[in-house]
Every structure is written in C-alpha cells, then in structure tokens.
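A.B. asks: Kindly generate the corresponding structure for this input.
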Amino acid sequence: MSRKKALSLVTLLIAIIGIGFAMSPFLIALNPPSHLPEYAKGFDINGMKENSVKAVHIKGSKKVGLGSGSMWEPGDALVIVRGEGEAFYLYWVPTWEQQFLMPISFWGQHEGYCRELGVKVSLDQKVIKCLSTKSSKSFNKEWIWSLNGQGLGRFSPDLHKINFRVEEKVLYAYLFIK
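C.D. replies: Alright, predicted model coming up:
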C-alpha cells in the first residue's frame with residue numbers, strides 16, 4: 001500500500017472516531033425507548049372528564065444547604081390535560097409548596113403562584129389557564145396556553161412536554177424518577 005493511501009485511511013479512521021465522539025452527547029440525551037417499563041411511571045386517569053386538568057406533584061420544594069448559607073429548591077409537578085374525546089397532553093411545571101410557579105418570559109423566572117390550573121374557553125378556543133391565584137390580574141391574564149402547550153400570553157413560554165402513552169385508563173409518563 002502506498003504512503004498516500006495509508007495516510008488517507010488513517011485520516012478517515014480519525015474522522016469517523018471524531019464524529020462518533022461528537023454525536024455521543026446527542027445520542028445519550030435521547031428519551032428512553034417506550035417499551036422499557038422501568039422508565040414509565042403510571043398515573044391513573046380513570047374518571048377524568050373531558051376538558052379537565054389533573055395535577056400530580058412528584059417532588060416537593062425543599063431547603064438545600066450551600067456551605068454557610070441555604071436556598072430553596074422548587075418542586076416538580078406533572079399536569080395531565082384531557083381535551084376532547086381521548087386526547088391527552090402531559091406537561092411539567094415547577095411548584096412551590098403545592099402551588100405552580102408561573103413564568104414571566106421563561107421558565108425559571110417566575111412572577112407568581114397559581115393554586116389551580118384548568119381548561120376554559122378563551123380567545124374562541126379551549127385553553128389552559130390559572131383558575132385560582134393571589135397574583136396581580138395583569139400577569140394572571142397572561143398565563144394562558146393552548147391545549148397543545150403553546151404559550152398564548154405575552155409572557156407565557158411554551159409548556160414543557162413530557163413523552164407518554166395511554167393504556168387502559170393509565171397514563172405512562174417517561175420520567176427518570178423512581
């Protein structure tokens with residue numbers, strides 16, 4: 001084999017290895033396969049009426065020590081939305097003491113708390129809205145999303161969608177929690 005061919009093969013081999021390393025974070029970040037039951041957490045949806053919301057708190061807020069100080073870590077909740085017929089939607093929402101942290105521009109920056117989310121008719125369509133809050137009305141009217149999670153208010157980012165499947169009145173969410 002000539003020296004030119006050998007260098008070409010070595011270069012090609014190094015390029016393939018480099019592409020593999022560059023792709024590895026993306027491959028690791030993929031959601032787990034839906035057929036693996038250990039990744040799916042089941043939630044009973046039997047009895048949910050059409051156009052209703054069910055909140056499932058999966059982790060509570062807590063105080064976390066940081067060296068000489070401390071901070072509060074928000075909790076997590078899943079919001080199961082049932083639309084028309086058998087249409088279901090599943091979203092993650094941060095919580096604080098069993099209330100939803102409502103965003104201002106993006107999740108992580110919040111402007112108030114919502115005690116209850118629900119489906120209402122607004123803007124000639126069914127939307128997800130905050131039904132009970134002590135926050136100012138100016139922000140409360142902006143906390144509005146379409147049933148498919150798109151933010152409709154000026155300050156409402158899209159809801160975080162969670163992959164799921166529905167089997168026999170149980171919604172299986174693909175979470176990395178036990």
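A.B. asks: wait, isn't residue 126 in contact with residue 50?
C.D. replies: No: assessed by Cβ atoms under 8 Å, residue 126 is found out of contact with residue 50, at 9.8 Å. In this view, the C-beta of every residue, glycine as well, is placed from N, C-alpha and C.
A.B. asks: list residues touching both of these two?
C.D. replies: Common contacts of residue 126 and residue 50 (Cβ atoms under 8 Å, 6 or more residues apart in numbering): 83-84.
A.B. asks: More neighbours: these two, which one.
C.D. replies: More crowded of residue 126 and residue 50, by other Cβ atoms under 10 Å: residue 126, with 17 against 12.
A.B. asks: what's the helix or strand for the more buried one?
C.D. replies: Under the criterion of DSSP states H and E, residue 126 resides in strand 125-132.
A.B. asks: What is that strand packed up against?
C.D. replies: strand 106-114, strand 116-122, strand 144-146 (3 or more Cβ pairs under 8 Å, 6 or more residues apart in numbering; DSSP states H and E).
A.B. asks: Mind giving me the packing neighbours of the helix or strand that the shortest one is followed by?
C.D. replies: What that stands for is strand 144-146. Counting by DSSP H and E, the next helix or strand C-terminal to strand 144-146 is strand 160-161. If you count contacts as 3+ Cβ pairs under 8 Å, 6+ apart, strand 160-161 packs onto strand 88-96.
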